[in-house]
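In: Generate coordinates for the sequence data below:
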Amino acid sequence: MKKTHVIFCLVMTLSLCNSCFDPDDYEDIDTDEIFWFTSENNLQAAADGASPQTVSMQIDSEVTPANRKVVFKTSRGSFVHGSGDSIVVSADNERNVSAQLVSTRPGNATVTAKIGDLNAVGNRQIEFIQALPDFIQVTVDSLAMSNSPQSETVITASLGTNSGGVPSLRHRVDMNVVDSLGNDIGDFLNGIGYGFTNSAGQVKLRFAAVNENYEGLLTIIAATDSNSGRKESKSQIYLVKTN
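Out: Numbering: from 1, shown residues only. Okay, here's the model as predicted:
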């Protein structure tokens, strides 16, 4: 049994060593001929988190199948099915490798690639263009509230695009709350009635109607710039007078 165990361990060790990438194994191949980008440079995509741009490469046939795994890394955005700013992709039967990148932050992304300790020559640049929303929806986390100092509610504006994405990060949303006559009422935390979207396309503001001499329905209005001009959404909450 011990002899069998030793032989098994030796076989596993040799197998693992054979799968390790050693750049010296490919010293007869020019560095820029081991694997190279095949996608175009200066690609563009909307910074809406749902419009991917593809970066592709090809690996030389002399690279063994066990070593045909490419690590892509980006300076902006994230890879679809990846882990944050990086992803590991195995080549297909034609030795092609590709990854898709999305972002909600406008600006330029630089994508690099490597196999083991060997870096690809050059990189790929992707420009993410500012994305505006197509719609906005405002909701409130309660049906009623009082005008006491201990009572407040959270108002959430959710923005999206028709393609299933969101507007680019830090897209501004303005909010106000009015009574039945259209008069502004209450206040937001720190007196700021606007906010900027997060990566989920949402803005959350805390609202309180302290010491307001009013009881009845309040209308919450959230407005923002969109692809088709200024858009707004409304919701309601009932204010109960307690003073």
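
In: check contacts around P167.
Out: D48, T104, A131, L132, P133, L159, G160, T161, T197, G201 (C-beta atoms under 8 Å, 6 or more residues apart in numbering). Quick note: C-beta positions are derived from backbone N, CA and C, even for glycine.

In: oh, I was asking about T104
Out: A47, D48, G49, G77, A131, V166, P167, S168, L169, S199, G201.

In: So for stretch 108-120, what gets flagged as buried?
Out: A109, V111, T112, A113, I115, L118, A120 (16 or more other C-beta atoms under 10 Å).

In: Then stretch 47-64?
Out: A47, D48, G49, A50, S51, P52, Q53, V55, M57, I59, V63.

In: go on, stretch 158-170?
Out: So for stretch 158-170, counting by 16+ other C-beta under 10 Å, buried means S158, L159, G160, T161, G165, V166, P167, S168, L169.

In: so is the second one in a helix, a strand, or just coil?
Out: At L159, secondary structure determined by DSSP: H, G, I helix; E, B strand; the rest coil is strand.

In: Compute the distance between it and E127, please.
Out: Separation of L159 from E127 (C-beta to C-beta, to the nearest Å) stands at 22 Å.

In: Could you single out the nearest of the buried residues of stretch 158-170 to T38?
Out: Distances from T38 to these, taken as C-beta to C-beta, are shortest for G165 (26.6 Å).

In: which residues does that closest one contact?
Out: Contacts of G165 by C-beta under 8 Å, 6+ apart are A46, D48, G49, A50, S51, A131, G201.

In: With T161 instead?
Out: Contacts of T161 by C-beta under 8 Å, 6+ apart are A46, D48, A50, A131, L132, P133, D134, P167, N227.

In: Need those residues in a markdown table (columns: secondary structure, pLDDT and distance to V210).
Out: Listed next are the contacts of T161 as a markdown table, based on DSSP: H, G, I helix; E, B strand; the rest coil; pLDDT from 0 to 100; distance: C-beta to C-beta, whole Å:
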| residue | secondary structure | pLDDT | distance to V210 |
| --- | --- | --- | --- |
| A46 | strand | 97 | 42 |
| D48 | coil | 98 | 38 |
| A50 | coil | 97 | 40 |
| A131 | coil | 98 | 37 |
| L132 | coil | 98 | 35 |
| P133 | coil | 98 | 32 |
| D134 | coil | 98 | 36 |
| P167 | coil | 98 | 32 |
| N227 | coil | 97 | 37 |
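
In: could I get these as a markdown table with distance to Y214?
Out: Shown next, in a markdown table, are these (distance: C-beta to C-beta, whole Å):
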| residue | distance to Y214 |
| --- | --- |
| A46 | 43 |
| D48 | 40 |
| A50 | 42 |
| A131 | 39 |
| L132 | 36 |
| P133 | 32 |
| D134 | 35 |
| P167 | 34 |
| N227 | 37 |
